[in-house]
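>>> Got a sequence here, can you build the structure:
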Amino acid sequence: MKKAILSAAIGAAVMGAASVASAATLQDVKSKGFVTCGVSAGIPGFSNPDDKGEWSGIDVDYCRAIASAVFGDASKAKYVALSSKDRFPALQSGEVDVLTRNTTWTISRDTSLGFNFRTVNYYDGQGFIVKKSLNVKSALELSGAAVCVQQGTTTELNLADYFKSNNLQYNPVVFEKEADATSAYDSGRCDVYTTDQSGLYAIRLKMKVPDENVVLPEVISKEPLGPAVRQGDDQWFDVVTWVHYAMVNAEELGITSKNVDEQKNSPNPDIKRLLGSEEGTKIGTDLGVTNEWAYNIIKNVGNYGESFERNVGASSPLKIERGQNALWTKGGLQYAPPVR
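This is a model prediction of the structure:
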């Protein structure tokens, strides 16, 4: 999950493009009949097309959930594959309505790039992958190693900080493209590859012999990944934000894609409000969608836990543990404000 650092010239151009972006995105989305989401060019578990061009992953589910909230139909979503370099101009120019592309929330992206973040759909952190044959158990044993890394990213900066702070030596092997860096690691041109841990699990699946590679336990940075929208459009910001909160609240309340119809008859006030079955509710219409917005999300996509498990969790090839992405009630960081 690359976090490309834009030059001042690119940043200025991006900010100029922001002025032409619509400040009424929800209305624009409704008018054209679909939501356009910027996603990665292919990261298993997050946003990845199959041989038929069908997309899947946590970030794709987020886009499908937005489409469900707005239209009641998860299929009314369009995906634009974006590189790390292209993702920010694409959002600022209005090419995409929302960036659901494993993007780290940072202060500079909130301010100098003119984006708004609020939710985190995946708490991540940078890590390392090595060949099992090296018999390395910790990143602290990597002094003198050749490390493959993508150029012009915060990953590259974090790598330098980590080795310097731990008084370790390393030989950076730098590539402009992520695919070239991972290919170089897989072919043995370097000892280690570094990126966000979730990316390491995804990349390992693409290795010639996945089981010959191991992800080390150290996490050396904070990488809160979540959707981004343009500043200056509070209504669209609220819609994108509460889509995630609806999925988290649904998991906490035990509402799933399989029992959501039954749950509409629940006497629980929290469930009735979320599913729009409470008499006189205006939550959905106040948001700019229908009162069944959350019901449609859960019915079509599922709650947060369902999305996590099928895309990156125990039911997926990645088999990543929930960890920090568990609900707050289970020791994790996923916490949603109440729907009331």
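
>>> Could you pull up the residues touching K258?
Going by Cβ atoms under 8 Å, 6 or more residues apart in numbering, K258 touches no other residue. Just so you know, the C-beta spots here come from the backbone N, C-alpha and C atoms, and that holds for glycine as well.

>>> Same check on S257?
298-303, 306.

>>> Sort out which of the residues you listed are in helices and list them.
298-300, 306 (DSSP state H).

>>> Now do the same contact list for the residue nearest the centre of the chain.
Using Cα atoms, centre = their mean, the residue of the chain that lies closest to the mean C-alpha position is N102, 3.4 Å off. Each residue near N102 by Cβ under 8 Å, 6+ apart is listed here: 1, 40, 43, 46-47, 59, 122, 124, 196, 198-199, 225.

>>> do V215 as well
Counted by Cβ under 8 Å, 6+ apart, V215 has contacts 127-129, 197, 200-201, 204.

>>> could you redo the last one with a cut-off of 10 Å?
If a contact means Cβ atoms under 10 Å, 6 or more residues apart in numbering, then V215 has 127-130, 197-198, 200-201, 203-204, 320 as its contacts.

>>> just checking, Q231 touches L113?
Yes: the criterion here is Cβ atoms under 10 Å, and Q231 meets it with L113 at 9.1 Å.

>>> These two: who's more crowded?
L113 (21 against 17; other Cβ atoms under 10 Å).

>>> That one: what secondary structure?
coil (DSSP: H, G, I helix; E, B strand; the rest coil).

>>> Same check on the one 10 residues further on?
The three-state label for Y123, taken from three-state DSSP, comes out as strand.

>>> before we move on, back to that, is it true that the residue nearest to the centre of the chain lies in a strand?
No: read with three-state DSSP, N102 is coil and lies in no strand.

>>> That one and Q169: what is the separation?
Separation of N102 from Q169 (Cβ to Cβ, to the nearest Å) stands at 31 Å.

>>> isn't D86 right next to E95, touching?
Yes: assessed by Cβ under 10 Å, D86 is found in contact with E95 at 9.0 Å.

>>> And the helices in the stretch 101-250 of the chain?
107-111, 154-165, 178-186, 197-206, 234-253 (DSSP state H, counting those that start in this stretch).

>>> picking that back up, anything in contact with each of D86 and E95?
Common neighbours of D86 and E95 (Cβ under 10 Å, 6+ apart) are 38, 80.

>>> What is the burial count for G114?
With other Cβ under 10 Å as criterion, G114 counts 21.

>>> State the phi and psi torsions of it.
The phi and psi torsions at G114 (degrees, to the nearest 10) take the values phi 70, psi 30.

>>> So it versus P224, what's the distance?
Separation of G114 from P224 (Cβ to Cβ): 19 Å.

>>> The nearest residue to N265 once chain neighbours are set aside: what's it in contact with?
Using Cβ to Cβ, 6 or more residues apart in numbering and skipping residues adjacent in sequence, the residue nearest N265 is S277, 7.6 Å away. Contacts for S277 were tallied using Cβ under 10 Å, 6+ apart; they are 263-266, 271, 291-292, 295.

>>> same check, this time on F308
45, 58, 61, 121-122, 247, 251, 302, 314-316, 320, 322, 325-326, 334.

>>> coming back round to it: a markdown table please, covering the ones in helices among the contacts of S257 and showing neighbour count, pLDDT and distance to K76.
A markdown table is the format used below for the ones in helices among the contacts of S257 (neighbours: other Cβ atoms under 10 Å; pLDDT from 0 to 100; distance: Cβ to Cβ, whole Å):
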| residue | neighbour count | pLDDT | distance to K76 |
| --- | --- | --- | --- |
| I298 | 28 | 98 | 17 |
| K299 | 20 | 98 | 15 |
| N300 | 20 | 98 | 10 |
| E306 | 20 | 98 | 20 |
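
>>> quick one: which of those is nearest T106?
E306 (29.0 Å; Cβ to Cβ).

>>> residue contacts, the closest one?
Here E306 is in contact with 61, 247, 250-251, 256-258, 298, 313, 315 (Cβ under 10 Å, 6+ apart).

>>> hmm, 8 Å instead?
Per Cβ under 8 Å, 6+ apart, neighbours of E306: 251, 256-257.

>>> again, but for W242
Contacts of W242 by Cβ under 8 Å, 6+ apart are 69, 287, 339.

>>> out of these, which is most surrounded?
Neighbour max across those (other Cβ under 10 Å) = A69, 28 neighbours.
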